[in-house]
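In: The sequence isn't on hand, but the structure is:
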């Protein structure tokens, strides 16, 4: 599966914040070392998958000290009593080795089971994998205990630990299969502080990707090890939901690639209602499913308010009051808690089965009741449907299993290489930012009426558009709700302006327009991909529907592409022989991405201007860094009168569209009557949530601190596609032409004449193989493409190219 | 302004939750009294407004015990030293009178000022307004202190308190104006627990609306009292951001009507990073703006992680370590903190000025750069633009001031009576639910490709549609992204089905269709309001644009309405004389809402069926309780072949649309080739966020526990518009006709022939007056209407009707 460094994040230089000014007043000596900015990576390691063959839960805390480990212990005992094998993992432990939650669980469960005999023999083991040097030195018998030959001597790194304990508790009945409780700590640091401080203080941090990878390995090992299907895994986090992990990345972000079903241990103390609800909301807006809230009684009945808040979404469980006495063995408490833990176990079991049942039925149900656009349902089998469990930045989490032979049920990662119909831009970090921003705007505005009103998101979005893609030419922003609407609006603008400039009467001038300019009879239809001069032309002729007839003056443009490692210019016949006098040619279906010669387009714009024909740039697809600059107009080096934006405008999160225009276009609609205005709009034109997403995305993509692909002058993305690899691909015999520009790398496969149409199935087998490689592609006939986001690391793009090259080479 | 009970909320019966099963194991005696379910109301009291003439901030805590009151005190001293008058309010205090934050602030500020002399004389007062009987008894000298004549003797209620202290600190310079520090506690309870427990335990709770009203009064009193413009107000909440208020409503929800700029006191302790970030996110998704995060140093440098997380959105301030010794007067600590508080004060001041500056420039900027749909910009003055600061359920918060004579700058409430282009449904509570749901879905999915994929929100949304509005007839759901697309899709479906049923060739059948059925030549345009048989017909003839010509067989239907307190049936000429043989009449422009005779519509459906013409119900407007039932089809008593939904589908939060169809419609698109499929869709068709909002809204509206308007059988809303008031309005001489159905109450004003069109300005002055009354209306020519949400309390509707009646009566 995917081996993709999902995104990078740099610490914000603290100096930009007023914090710094204040801190200087109180800066303590000896803290300078902490100021270094660790390089955080949210990484999905190679072959990353989440096993669904048995229940796996993450235990989160609404604060420190709320009893996560007691919950782990009670649940573990309850599961073992119900004849389930269990893996307990504590990925990150501080205060180690004095504190060790995994050791506590292993010891305490042993004691509980000795009291409350299990049916089966239970083998309980405890293991610590890696410790900071300082913690390692303190391990009981670290210099003699177990086998220590394999640890690394590097002072700065984590050391391998061979601290392994094992013990068996005898069960009630003989002859039953032995059970296992495997308790593991992956990383231990000495200082009893937050992991990021401990890691920094002890000068041995670990990357996010390493944490994720080692956790994944621990989960996998347990699964491989066991033939028994009665298995559970529990992962216990450190501190609160948003407490930082070793690198400083918040744990709720660090473990997000797994998106495991979650248990939230709430706070029964004074203030605990607030803390629990807030922690729940923090998990929510990162896309976690919380299956249970558990809290210990303190006499304040916090659970009542929590139940009201959680309504019927999440059950709340109350554990008996935890004795204050720290010397208490708690065995009595665990005994009292037995019933509750048993109910929790049943609830989690039911929740797991419900999830699996739902995953099983979803493709079938989808086939039964959904009606997809652009899809011949007769050709769709249940097996061919992708069940998308979630998105994490550029990656889908796709369900695999039931219909895939020899594959364990799991969620596997696939890079969304079609960028979900060319809309996608978010990295994992931007996705979280957008979730909070979209949540804020829903809470503040929901949706409010647009015309003759002003509200911050709409105005700010318009300002950013004029400062960005509209800079130097546009003065007006017409917000609508989707790309096709933006195009329709642009055509209405252009017709009116044309009529004005050419002296038609304002009434019925559309009819006049058609009489006088028969070649300009573009019909206002909903989908008008090929209206004017586009940089990348999407032709849809064979794709056209019964109700759609393209009407207009279609030009056959010269195109450029890479073939056999050389750039080539393809001139259409008309240009070969007619010296820039374009007759009314219709583009021949090519069903794919063509990079049109910019010189041709600049000339076309010039010719239009001479004839006082308004020029529209359709940047619905090309806008917002798709081609490596914020707008295609920048690359083209000339400005339109009108331009349309959608898709990436909101980062690809929700629909929104904008049509930008010059003041002289706007003025063509001024008059004394409303009837002379631009009468076009939808209920959700300029809706606040879309505008807020757009504001965040526009700013984020060009913030060099956030988007590491932005070049120093801020106007271009760095090259994302390795030019050598691209050239190599262009030299393959199966490849007809390649273009790589900005976030796109597209190629046309060699094919017979009969196979070149949109309906072509030529690329299908290739696409299927790449999906198995963790790349989710959709072909455009015999054209296939990889599309990443503006912030996708080039290393990730190279991995994609390598996979593509390998599969093409096999053709 | 509005006097509207915004929404009601009932406690969820705890018995529905598994909590209850568990609690029973551990229920303590003597708690039965706590089980009563207080009736919560989020209420905007009469004349509610938020004063913008000076800075007002709310101080929130990320937990209890994080030092909110120390921040209030330090900030207060800093402001007084900078010659600002200050109001400090603690709306809710528990542990009273032993604990009193307002008393602490008044006393401590006095001590600080005695040390650090202010320029002016400062008069410091402290006052408590209401206390529970138990707390009241304990007030120092409660039976003799001050004037106690006015308190209420009711044992169960809060008692008025006349505990007033005043003292003056001498300033450095004579002749300067005296300053005031007014410290107030509004409600005090004895028990040192969460306010909802204290209120329940002491058997004297207060409604949310009362808290909001009294807080508003305290703020207003301070403003009226002072001529001095150097004023600040600070409100300190109790506990954490989501700690319950007296009624059990979370404080972040309780104070949301004010949506005041906020200060979050973070937690510097272990676990405090998580708690602070979560608290921040809880405020965010309720639409609060956080202007500063302040935390006390504990040596853990929590501020570093917080600054990284907050990036450049919010500055973080660090206060010196608070001495552990509880006997410490902290005067030294306040002295050490002086610089930080001064910086905080400056930051807040700047933030206030920026906000005001932005509010001032927004209408002007909007006029300069926005291009609104359906708007003749020449007719829009800066004064006529509504600046919407936020939405809270059915209400807009609208900025008033700069351009309004004799009005202090403020945010006033206006009921969104046009339901923002007929989209709106959320109550304040649903809005918060949607914010969390939309945040969750962004975090989990963002947007993912729809065709041939399945993901939970799309499938679940489709299931709910088929179980709800599609029940009994529809089997397929075609999701798209806006209402006009849903209509286009429905027309494509109908044409294909018609062609199939009538034996046309599949190729080019649209042309054939036109040849054979010239009367059926409906053009596929983007906005097609009048396509088929609608229950409420929106005619747009005079409104029609140059590029839009309605083509089709338009019928003049019989309509029903209330006039002079009697229901009347209006028969068009064609029906008067032709006995149900409809020639191809074109509807005469009426520019408003007409309720068409259901009998006529049922007959029309029958006639279509006889002729094998597919029937489309356009429920974009009528769907989801707009007319009092989940679908208009239910009221009509007959089912369509195809139906379209949008607007209220998502509760009115984000665009999404659905076209539902029968299986036989779907089958007309089955074939061996993709070219035979329904080739229509947008990038964001079936986008996850829209689907998630739809799921929440669909379920919420019909949940009788959440939506108190749902009648016992679940199929209808209770009558929302007082029938007597509606009849009274219909009897006014200025009113031609009235209809009231479901969430709509519309009326046509009497007018000359020349004034009846869409462009009519007749209703304008009426609409303007109603806006001053707190009702945001938009006229449709001489038709005006009130539109509420499916969950709007009838009392709120009556208030609207009364305002309308009053203004109409003046006409």
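Out: Yep, it's here. Worth saying up front: this structure is predicted, and the values here are computed from it rather than measured.
In: The residue of the stretch 101-250 of chain A found nearest chain B: what secondary structure?
Out: Chain B sits closest to residue A:240 of the stretch 101-250 of chain A, with a gap of 2.7 Å, by C-beta to the nearest C-beta. The C-beta positions use only the backbone N, C-alpha and C, and glycine is treated the same way. Under DSSP: H, G, I helix; E, B strand; the rest coil, the three-state class of residue A:240 is coil.
In: who touches it in this structure?
Out: Shown here is residue A:240, whose contacts under the criterion C-beta atoms under 8 Å, 6 or more residues apart in numbering or on different chains are A:60, A:61, A:62, A:63, A:64, A:279, B:271, B:273, B:274, B:275, B:278.
In: May I ask you to confirm that residue A:408 is in contact with residue A:53?
Out: Yes. The pair residue A:408 and residue A:53 qualifies as a contact (C-beta atoms under 8 Å) at a distance of 5.3 Å.
In: Confirm residue A:112 sits in a strand?
Out: No. Counting by three-state DSSP, residue A:112 is not found in a strand; it is helix.
In: Which residues are in contact with it?
Out: Applying C-beta under 8 Å, 6+ apart to residue A:112 gives the contacts A:73, A:77, A:331, A:334.
In: My guess is residue A:205 contacts residue A:247. True?
Out: Yes. Using C-beta under 8 Å as the test, residue A:205 is close enough to residue A:247 to be in contact (5.9 Å).
In: pLDDT value on residue A:177, please?
Out: Residue A:177 is assigned 86 on the pLDDT scale.
In: Surely it touches residue A:120?
Out: Yes. With contact defined as C-beta under 8 Å, residue A:177 reaches residue A:120; the gap is 6.3 Å.
In: Please list only the buried members of the contacts of residue A:240.
Out: Buried members of the contacts of residue A:240, scored by 16 or more other C-beta atoms under 10 Å in any protein chain shown, are A:60, A:61, A:62, A:63, A:64, A:279, B:271, B:273, B:274, B:275, B:278.
In: Closest to residue A:808 out of these?
Out: Looking at these and their distance to residue A:808, the nearest is residue A:60, at 44.3 Å (C-beta to C-beta).
In: Just to check, the closest one is in contact with residue A:237?
Out: Yes. With the criterion set as C-beta under 8 Å, residue A:60 and residue A:237 qualify as a contacting pair; they are 5.4 Å apart.
In: what's the most distant pair in the buried ones among the contacts of residue A:240?
Out: The distance between the two most remote of the buried ones among the contacts of residue A:240 (C-beta to C-beta) is 14.4 Å, for A:60 and B:273.
In: ok, which stretches of the stretch 151-300 of chain A are strands?
Out: A:159-169, A:179-188, A:231-236, A:262-265, A:290-296 (DSSP state E, counting those that start in this stretch).
In: okay, those in JSON lines with distance to residue B:252 and mean neighbour count next?
Out: JSON lines is the format used below for the strands of the stretch 151-300 of chain A (distance: least, C-beta to C-beta, whole Å; neighbours: other C-beta atoms under 10 Å in any protein chain shown):
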{"stretch": "strand A:159-169", "distance to residue B:252": "45", "mean neighbour count": "17"}
{"stretch": "strand A:179-188", "distance to residue B:252": "36", "mean neighbour count": "26"}
{"stretch": "strand A:231-236", "distance to residue B:252": "29", "mean neighbour count": "24"}
{"stretch": "strand A:262-265", "distance to residue B:252": "18", "mean neighbour count": "28"}
{"stretch": "strand A:290-296", "distance to residue B:252": "18", "mean neighbour count": "24"}
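In: just the strands in the stretch 451-600 of chain A please.
Out: Secondary structure of the stretch 451-600 of chain A (DSSP E, counting those that start in this stretch): strands at A:453-454, A:476-480, A:536-538, A:559-563, A:566-570, A:593-596.
In: Low-confidence ranges, the stretch 501-650 of chain A, go.
Out: Counting by pLDDT under 70, the low-confidence segments of the stretch 501-650 of chain A come to A:504-555, A:574-592.
In: what's the answer for the stretch 201-350 of chain A, then?
Out: Under the criterion pLDDT under 70, the flagged ranges of the stretch 201-350 of chain A are A:225-228.
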